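Asks: return atomic coordinates for the entry below.
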Amino acid sequence: MDSAPVRASAHWLALREPADAAARSPELVDQLVSLLPSGGGTRVHDLGCGTGSMARWLAPRLPGPQHWVLHDRDEELLAEAGRRAPALSADGGQVTAETRKGDFTRLPPEELADADLVTASALLDMLTAAQVDRLVALCARPGCPVLITLSVVGRVALDPADPLDDRVRLAFNTDQRRTTAAGRLLGPDAASAAAARFRLLGREVAVRPSPWRLGPDEAALTAAWFDGWWSAACEVRPELADAAGYAERRRAEAAAGSLRVTVHHEDLLVLPVR
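Replies: Purely as a prediction, here's the structure:
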């Protein structure tokens, strides 16, 4: 049983930030704008903010003055998020930020009482069912919109295709559902579980695809993604490592910029209480 908390490195977060920005659903952002306070002064709580990439992406797309509260348990990442917080909104309004260290799955309900918007990104698939339930209850309590982006859904496509791709994908998905000290992770089932939980609480949820589409311009990210994908799959199915030349061939294709990868995600927008 794995008891170590999942920690994303600053290097990995920096490498993936452009792909995340390109993947998130602009349609949900357009819908979100109409749901925010008309007088401005939007207060946003960003849960599991990492280095603050969600704020850097979303704040310039939302109008009016904003105040972001950045939550993370990792002090090093949180410090970078504070240093790199955006300054201006879509229409030139002032954007301010503060950081709060702590485990977002254990925040008291009053922590988000002042929220006009709650956000999170690349987060749900690292949680157990109990943690998703707590997170949904926490986010739903203020009655405001909730935007949760980039949850993996267990589907990938590699081009050129290889007969082994599907076996690796299935093994990776098994690893994503592994049992930890906190319980069994939901992995690729997390987005649908969260949406269902919000709906049980009477909230309407809009779901949109947000795939990474990695090509020659993202060769470094493709290579890093493949190494993590392959290593996790081999943890579950060690016999995969004996497949003649598969990993070496894929790494060479990534280095040459000839490997294209689509990693499917979903974005959720939870509409406010009417």
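
Asks: show me the contacts for the closest residue in space to Asp103 that isn't next to it in sequence.
Replies: Take Asp103 and drop its neighbours on the chain: the residue closest to it by Cβ to Cβ, 6 or more residues apart in numbering is Arg73, 5.0 Å away. Quick note: C-beta positions are derived from backbone N, CA and C, even for glycine. By Cβ atoms under 8 Å, 6 or more residues apart in numbering, the contact list for Arg73 reads Pro5, Lys101, Gly102, Asp103, Phe104.

Asks: torsion angles phi and psi at the second one?
Replies: Going back to what we said before, that points to Lys101. phi -80, psi 130 (degrees, to the nearest 10).

Asks: now swap in the last one and tell me
Replies: Taking degrees, to the nearest 10, you get phi -60, psi -20 for the backbone angles of Phe104.

Asks: centroid-nearest residue for the chain?
Replies: Ala122 (1.1 Å; Cα atoms, centre = their mean).

Asks: low pLDDT regions in this protein?
Replies: Residue ranges of the chain with pLDDT under 70: 1-7.

Asks: try 50
Replies: 1-5 (pLDDT under 50).

Asks: all strands for the stretch 101-250 of the chain, in order.
Replies: In the stretch 101-250 of the chain, the strands defined using DSSP state E, counting those that start in this stretch lie at 117-121, 146-159, 179-180, 183-184, 205-209, 212-214.

Asks: can you list contacts of the first one?
Replies: Just to be clear, that refers to strand 117-121. So strand 117-121 is in contact with 20, 24, 32, 36, 42-48, 50, 53-54, 58, 104, 112, 135, 139, 142, 144-150, going by Cβ under 8 Å, 6+ apart.

Asks: again, but for stretch 19-33
Replies: By Cβ under 8 Å, 6+ apart, stretch 19-33 touches 53, 57-58, 61-63, 117, 121-122, 145, 147, 149-150, 206, 208-214, 218, 221, 265, 267, 269.

Asks: please check the residues you listed and keep the buried ones.
Replies: With burial judged by 16 or more other Cβ atoms under 10 Å, the buried subset of those is 53, 57-58, 62, 117, 121-122, 145, 147, 149-150, 206, 208, 210-212, 214, 218, 221, 265, 267, 269.

Asks: run through the neighbouring helices and strands of the longest helix along the chain.
Replies: Counting residues, the longest helix found in the chain (DSSP state H) is helix 219-236. If contacts are counted by 3 or more Cβ pairs under 8 Å, 6 or more residues apart in numbering; DSSP states H and E, helix 219-236 sits against helix 10-23, helix 165-176, strand 212-214, helix 246-256, strand 260-270.
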